[in-house]
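Asker: Pasted the sequence and its predicted model underneath.
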Amino acid sequence: MAITEADIQSRLRTLTDPVTGKDFVSGKAVKQVRIDGADVAVDIQLGYPAKTQHEALRKLIADALAALPGAGRVTVNMSQKITPHSVQRGVKLVPGVKNIIAIASGKGGVGKSTTAVNLALALAAEGAQVGVLDADIYGPSQPMMLGIAGRPESRDGKTLEPLEAYGLQAMSIGFLIDVDTPMVWRGPMVTQALEQLLKDTNWRDLDYLIVDMPPGTGDIQLTLAQKVPVTGAVIVTTPQDIALIDARKGLKMFDKVGVPIVGIVENMSMHICSNCGHAEPIFGEGGGEKMCADYNVPFLGGLPLDIHIREQTDAGRPTVVADPDGRIAHIYREIARKTAVFVAQKAEDFSAKFPSIVVQNT
């Protein structure tokens, strides 16, 4: 009995992508099926970056199709394509940037910048083109965390070229000022600086721009929410009640201005003693998950209070590049994939594909 495309599609409907939780057909990942006698070739295209998962997914699909009656040799071609997705109504996309993800927190000291840089590096490790914008004008930390020194160049006298580290494109006010110079600026100057750093940087074909937000719900947050095309926001908190109070405010602010919440990351969820291995929830436990349940948003993951995370970021080699095969890097990559899947499942933005129409009197 000869194998048919209907047989293949039917079998693919029974296979669940472990990253998205959807089958490959309803997830629109099956791009082409070719049959040559008994041999089968299937093209699978993921809408999110998951280079480290390709081999496991290829084997999952190939084994399932090889078990079909009449199937001969099975070839599964894996690829991924990230497209621009919908943002706030009336806000235009930034040239060279497909999707912008804001990393925010209600208060400082919860590990937001560390999460932002490791999330960016994890997305890059999965095969995406990624940039980092350090929007914390008063306290820029990305130059130190990425180990970047120097000033950005301007080739045309109008735009800045992003600096690069570990495959990331990066821009920060910290590249333009001395490390010890305080930013004694009022709100309007800060928001103008943010808009210039975003729009006057020559971002090069980014799938994702990760924006490391300053803590709080002030001018910069409102500017970003109202004028910058944000695909979604990740809220970073600790399990501590005092941090959760402010994290809830940040979540509500994004909700009010129409920026979807990707989910919540809980930092410092558990301290594990480096000497004896004893685990202790120093800042409480379950706070992030309870907040997710209260607001019906995803829990993206919990990270331990670990001295290596601090040491690695202070040294300019964040965990995802310093220890790529370690347990903590694995957690960051899981959070990155969940974030990318959230973006991929939003409606696509086709505005960049429409030509400009100019009406002239002739």
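Answerer: Nice, I can see it.
Asker: Tell me the first helix or strand C-terminal of the helix or strand bottoming out on mean pLDDT in the chain.
Answerer: Lowest by mean pLDDT, DSSP states H and E among the helices and strands of the chain is helix 219-227, with a mean of 76. Counting by DSSP states H and E, the next helix or strand C-terminal to helix 219-227 is strand 232-237.
Asker: How far does the helix or strand Gly301 falls within sit from its chain's centre?
Answerer: Assessed by DSSP H and E, Gly301 sits inside strand 299-302. With Cα atoms, centre = their mean, to the nearest Å as the basis, strand 299-302 stands 13 Å off its chain's centre.
Asker: Run through the neighbouring helices and strands of that strand.
Answerer: Under the contact definition 3 or more Cβ pairs under 8 Å, 6 or more residues apart in numbering; DSSP states H and E, strand 299-302 sits against strand 261-266, helix 287-295, helix 327-344. C-beta here means a position set from N, CA and C on the backbone, and glycine is covered the same way.
Asker: sorry, back to before: what about dumping the CA coordinates of the least confident helix or strand of the chain to CSV?
Answerer: Extracted C-alpha coordinates of helix 219-227, given in CSV (Å, rounded to 0.1, in the frame of the first residue of the first chain):
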residue,chain,number,x,y,z
ASP,A,219,8.5,58.5,32.2
ILE,A,220,10.7,56.0,30.4
GLN,A,221,8.2,53.2,30.9
LEU,A,222,5.3,55.3,29.6
THR,A,223,7.4,56.5,26.6
LEU,A,224,8.3,52.9,25.7
ALA,A,225,4.7,51.8,26.1
GLN,A,226,3.2,54.6,24.1
LYS,A,227,5.8,55.4,21.4
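Asker: Buried residues in that helix, which are they?
Answerer: Asp219, Ile220, Gln221, Thr223, Leu224, Ala225, Lys227 (16 or more other Cβ atoms under 10 Å).
Asker: Val211: which of the residues you listed is nearest?
Answerer: Distance ranking of the buried residues of helix 219-227 against Val211, using Cβ to Cβ, places Leu224 first at 6.8 Å.
Asker: Quick one: residues contacting the closest one.
Answerer: Each residue near Leu224 by Cβ atoms under 8 Å, 6 or more residues apart in numbering is listed here: Ala102, Ala135, Leu194, Val211, Met213, Val230.
Asker: For it, give its distance to Ile210.
Answerer: Distance of Leu224 to Ile210, given as Cβ to Cβ, to the nearest Å: 13 Å.
Asker: returning to that earlier point: beyond the strand holding Gly301, next helix or strand please.
Answerer: Next element after strand 299-302 (DSSP H and E): helix 307-314.
Asker: Which other helices and strands does that following helix contact?
Answerer: For helix 307-314, the packing partners by 3+ Cβ pairs under 8 Å, 6+ apart are helix 112-125, helix 142-145, helix 319-322.
Asker: What residues of it count as buried?
Answerer: Buried residues in helix 307-314 (16+ other Cβ under 10 Å): Ile309, Gln312, Thr313.
Asker: which stretches of this protein have low pLDDT?
Answerer: For the chain, the stretches with pLDDT under 70 are 1, 182-183, 185, 187, 217, 348-362.
Asker: again, 50 this time
Answerer: Where the chain drops to pLDDT under 50, the residues are 354-358.
Asker: all strands for it, in order.
Answerer: 30-36, 39-46, 74-80, 97-104, 130-134, 163-165, 168-172, 206-212, 232-237, 261-266, 271-272, 279-280, 299-302 (DSSP state E).
Asker: Out of those, which is closest to Glu289?
Answerer: Short answer: strand 299-302, nearest of the strands of the chain by Cβ to Cβ, at 5.2 Å.
Asker: From Val230, how far off is Lys252?
Answerer: Counting by Cβ to Cβ - Lys252 and Val230 are separated by 16 Å.
Asker: neighbour-wise, which of the two wins?
Answerer: Val230 (24 against 14; other Cβ atoms under 10 Å).
Asker: just checking, the more buried one touches His85?
Answerer: No - with contact defined as Cβ atoms under 8 Å, Val230 and His85 do not form a contacting pair (10.7 Å).
Asker: Serialize the strands of the chain to TSV and add fields for distance to Arg327 and mean neighbour count.
Answerer: As requested, those are exported to TSV (distance: least, Cβ to Cβ, whole Å; neighbours: other Cβ atoms under 10 Å):
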stretch	distance to Arg327	mean neighbour count
strand 30-36	34	14
strand 39-46	25	19
strand 74-80	25	17
strand 97-104	21	26
strand 130-134	22	28
strand 163-165	24	18
strand 168-172	23	26
strand 206-212	22	26
strand 232-237	19	27
strand 261-266	16	25
strand 271-272	10	14
strand 279-280	13	10
strand 299-302	12	21
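Asker: so which of those gets nearest Leu146?
Answerer: Nearest to Leu146, of the strands of the chain and by Cβ to Cβ, is strand 163-165 at 4.2 Å.
Asker: Who are the packing partners of that closest one?
Answerer: Other elements packing on strand 163-165 under the criterion 3+ Cβ pairs under 8 Å, 6+ apart are strand 168-172.
Asker: ok, and what's touching the strand it packs on?
Answerer: Counting by Cβ under 8 Å, 6+ apart, residues outside strand 168-172 touching it are 120-121, 124, 130-134, 140, 142-143, 146, 148, 152, 160, 162-164, 197, 201, 203-204, 206.
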